[in-house]
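Student: Sequence below, structure please.
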Amino acid sequence: MHAQHASGRVDTCGADRGPWRTLRIVLLGGLLVIAATPSAAQAALKQVLVLQSLHRGNLVLDQFVGDFRVQLDKRVGEPVNVVSIVVGPTGFVGPPNQAVVDYIRSIYADRRPPDLVMTVGGPAAAFARQHRRQLFPEVPLLFASVDERYLRGPPPTDNETAVAVINDFPRLIDDILRVLPETKQVFMIVGSGALGQFWRRVLEDEFTRFRDRLTFIWSDDLSLTDILGRVASLPSDSAIVYLTFGADAQGGAYADEPVLASLHAAAKAPMFGAFSSLFGHGIVGGSMMSIGGLARNTADVASQILDGTPPRSLRTPPQSPGEPIFDWRELRRWDIPESRLPPGSVVQFRGPSLWDEYKRAVLAAIGVLVLQSLLIAWLLYERRARQRAEIASSRNLALAADADRRETIAALTSSIAHELKQPLSSILHNAQALQMAAERSSSASAPTGEILADIEAEALLAAQIIDRHRTWLRTHQIQKTPIDIHSVVSESLALVAHDLGIRQIDANLNLSSTPCTVNGDHVLLVQVVVNLLRNAMDALAEAPPATRQITIGSKVNMADVEVSVHDTGTGLPAELVGTLFSPFVTTKPQGLGMGLAIAQGIVHAHGGTISAHNNRDAGATFTVVLPRRLAPGSDPSPVNDALAAGLPTPSR
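Tutor: Just a heads-up that it's a prediction; the model follows:
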């Protein structure tokens, strides 16, 4: 029993332990997987060791490293752990420094080696080659942002590749001579130490072709204070080339940005550079190496190496300077015209245009101009409409004047008949006498000649009377010619002479002895004077015959002549003084009120004025003022009143 019990307990225990054991194994395995996950993720994270030539502050290398990290993360698709180490305190690698090598090895003593070692700049490349066996000889090595001249020597191994550059500094000198053809010397700022000595040695050989034209001054043996003093005293035919700095001859390390600011403030000559990172820091410009493009190309190669591509299969051609770039602000500062820039140059940092700076003001000005244009167009339309109205009004004036003349002719019909009756009767009597004399004797030649002369004179007078009234009655347009205003007065009196006699009115002339010529239409001016005379005669209708007098006077001034018609009648009604020349205003029971309006229109068309006022004693006086003829020798051309722009019309 005991055995069975024991056996049963054991079996029971074994039966119970089987499922629990499996569950415990699964849980334990899950915990192990969970615990191992961070280590696996950490192991999968790509590691890149970057050996830099200079401390932070070098604009070129700082931009390159920053852009490289961003571009590398984009290409790998996940963050890459980048560890940067400066291989020298000031960027200058001297004798082998085992302490630096030991420091790098100590960092990776308890972790796996990096997946890629990348150098930045020439000194770091030289350091990596020198200590390649001590620093991860099996790890791929990428030489980046290094002039290909630093890589001359042993050919790269299968585990090495490079993204190098070709710094074409003679091309930069050519750019300087193009924009500043008077340049005689160039001050080269290259820093001090091994790096500055390297560039001076290399560039002195490359600048040989400029030897007959330029003098090169080097800064590798000067302190920063001496450099600033030198650039402040450069003559006007100088230029400055900023290549790199790092440290001066006294061993002081400096960042590029404050050095460039100090140089820009003190320099008496324009400063040029060969790297895009320096652009915008007081550099005029030139053919520049694109540091952003170099970082992208390097990130392409690095991402492929991290992805497993053998470095020996990645051979990238060296990058050369790109298109010339110039700073618009510096061009203006040094009075460099853009016409001197090399073909294909790009000018940046232009000042804001009128549109950019005053967009709202420009839009407002455009709006005002549009409104002004619309207003001008509307005014032109109104002016044209006004001209058409003036032409129509002038035509109406001509028609009204014609109607007024016909009315006047109707009133003068009796006068015409009486005037023609006397000369025609004389013609008849003379003809009868001539007939009787001829019957008596054919030898009486003297009486016959006198009688024939009388017949001719009386017939001529009758013809003149008929022509005068016919001409005055004919529809007429203004035809301005030089005329004597006194002849107008005389002819006007002749037209109303018979009517004056019938109405027992004495007409007196008080004309100036000075001759006066005006430019006007003889017929229309006669119509004005006749109208005034008829109005004066109508005003004397109720006056006693002994007091009926009309005086026509003239006064010649420097610029004009006044013709007045003075009567001794009843005067003008006070309520009509202000509207006397308006159409359809009259004091006559049978009048239309158009005579004075038409007279005013005719006077205005001649550039004159017409006015009326009551006399102190009795009656009223109407005065017409016309401009005198300006130049006696001028040749006034006929002007149609319908085309005379700006002349007032009766409707005004």
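Student: Now stretch 377-385: average pLDDT?
Tutor: Confidence over stretch 377-385 (mean pLDDT, whole number) is 91.
Student: Please point out which parts of that stretch sit buried.
Tutor: When burial is assessed from 16 or more other C-beta atoms under 10 Å, stretch 377-385 yields no buried residues. Every C-beta, even on glycine, is put in place using the N, C-alpha and C of the backbone.
Student: Stretch 104-115 now?
Tutor: Within stretch 104-115, the residues scored as buried using 16+ other C-beta under 10 Å are 104, 108, 114-115.
Student: That stretch: how far from the chain's middle?
Tutor: 67 Å (C-alpha atoms, centre = their mean, to the nearest Å).
Student: Just the CA atoms of that stretch, as CSV, please.
Tutor: The C-alpha trace of stretch 104-115 is given here as CSV (Å, rounded to 0.1, in the frame of the first residue of the first chain):
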residue,chain,number,x,y,z
ILE,A,104,39.5,56.2,-28.8
ARG,A,105,40.2,52.5,-28.1
SER,A,106,39.1,53.0,-24.5
ILE,A,107,35.7,54.3,-25.6
TYR,A,108,35.0,51.0,-27.4
ALA,A,109,36.7,48.7,-24.9
ASP,A,110,33.4,47.4,-23.5
ARG,A,111,31.3,47.7,-26.7
ARG,A,112,31.4,46.5,-30.2
PRO,A,113,33.5,48.3,-32.8
PRO,A,114,31.8,50.9,-35.0
ASP,A,115,30.3,49.9,-38.3
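Student: Please convert the buried residues of stretch 104-115 to a markdown table, extending it with secondary structure, pLDDT and distance to Gly322.
Tutor: Conversion of the buried residues of stretch 104-115 to a markdown table gives the following (DSSP: H, G, I helix; E, B strand; the rest coil; pLDDT from 0 to 100; distance: C-beta to C-beta, whole Å):
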| residue | secondary structure | pLDDT | distance to Gly322 |
| --- | --- | --- | --- |
| Ile104 | helix | 89 | 35 |
| Tyr108 | coil | 88 | 38 |
| Pro114 | coil | 93 | 32 |
| Asp115 | coil | 93 | 31 |
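Student: Taking the residues you listed together, which two end up most distant?
Tutor: Farthest-apart pair in the buried residues of stretch 104-115 is Ile104 and Asp115; separation 15.3 Å (C-beta to C-beta).
Student: If we go by neighbour counts, what in stretch 241-258 is buried?
Tutor: By neighbour count on 16+ other C-beta under 10 Å, the buried set for stretch 241-258 is 241-249, 253-256.
Student: Buried residues in the helix or strand harbouring Ser492, which are they?
Tutor: Assigned by DSSP states H and E, Ser492 belongs to helix 485-502. By 16+ other C-beta under 10 Å, the buried positions in helix 485-502 come out as 485-486, 488-489, 491-493, 495-496, 498-500.
Student: One more: stretch 156-173?
Tutor: In stretch 156-173, counting by 16+ other C-beta under 10 Å, buried: 156, 159-165, 167, 169, 171-173.
Student: Phe143 against Arg152, yeah?
Tutor: No. Using C-beta atoms under 8 Å, Phe143 is not in contact with Arg152; the gap is 11.9 Å.
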